[in-house]
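# coordinates only, no sequence provided:
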């Protein structure tokens, strides 16, 4: 009987993980702000660098140092906001932020500028990067859906080279 109980308990754990309760079941911290996430995803997932946690926040001109990433379903506009834990790091910010976003399963990113490490990590994972600053997250998604955003094909920020002593 104890083995049957273990099997049932394990089944419940897998079921809860499959329906989105993995952070509760596995004890992972849940620092995400989740809004409107009960609907089934029907469009593609897009990550937008943002100044705040909502669709009416502005697209941040920075990728790696933005305060939030908004993960949006392009068709339903359902979204979740992730606070960027790497925004204040001194080194490896672009790589770490891009790795986090790639782990979210997004197919596209909308941002103002993006550095070399982040750009190549995203590109190598099949994630397309689009330019969209000076508008809200909602407007950027609408422009993406209408095919009005310019795709970024090379990094827009060059790495700072060390200065030789004078």
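Looks like it arrived, so ask away. All values derive from a computational prediction rather than experimental measurement. Residues are numbered from 1 along each chain as shown.
# now do the strands in the protein.
Using DSSP state E, the strands of the chain run over 33-35, 45-50, 68-73, 79-83, 108-111, 128-131, 150-152.
# would you turn those strands into CSV with mean pLDDT and mean neighbour count?
The C-beta positions use only the backbone N, C-alpha and C, and glycine is treated the same way. CSV is the format used below for the strands of the chain (pLDDT from 0 to 100; neighbours: other CB atoms under 10 Å):
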stretch, mean pLDDT, mean neighbour count
strand 33-35, 42, 14
strand 45-50, 98, 26
strand 68-73, 98, 24
strand 79-83, 97, 19
strand 108-111, 98, 25
strand 128-131, 98, 19
strand 150-152, 96, 13
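# ok, residue 76 touching residue 46?
No - between residue 76 and residue 46 there is no contact under CB atoms under 8 Å: 11.8 Å.
# okay, domains of the chain per the record?
Using automatic domain parsing, the domain ranges for the chain come out as 1-28, 31-152.
# quick one: low-confidence parts of this structure?
For the chain, applying pLDDT under 70 flags the ranges 1-42, 159-166.
# mind redoing it with 50?
Scanning the chain for pLDDT under 50 picks out 1, 5-41, 166.
# show me where it has its helices.
Remark: helices assigned in the chain by DSSP state H are 2-18, 22-25, 93-102, 116-124, 137-145.
# now do the fourth one against strand 45-50, angle only.
Spelled out, it's helix 116-124. Relative orientation of helix 116-124 and strand 45-50, computed by axes from the mean of the first three to the mean of the last three CA atoms, to 10 degrees: 160 degrees.
# ok, the last one next?
In terms of direction (the same axes, to 10 degrees), helix 137-145 departs from strand 45-50 by 140 degrees.
# okay, buried residues for helix 137-145 please.
Buried residues in helix 137-145, counted by 16 or more other CB atoms under 10 Å: 137, 138, 139, 140, 141, 143, 144.
# how about the residues you listed in CSV, adding distance to residue 110?
Formatted as CSV, the buried residues of helix 137-145 follow (distance: CB to CB, whole Å):
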residue, distance to residue 110
137, 8
138, 11
139, 10
140, 5
141, 8
143, 9
144, 6
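# returning to what we had before: so which of the domains of the chain is the most surrounded?
Across these, the average number of neighbours (mean count of other CB atoms under 10 Å) peaks for domain 31-152, which reaches a mean of 18.
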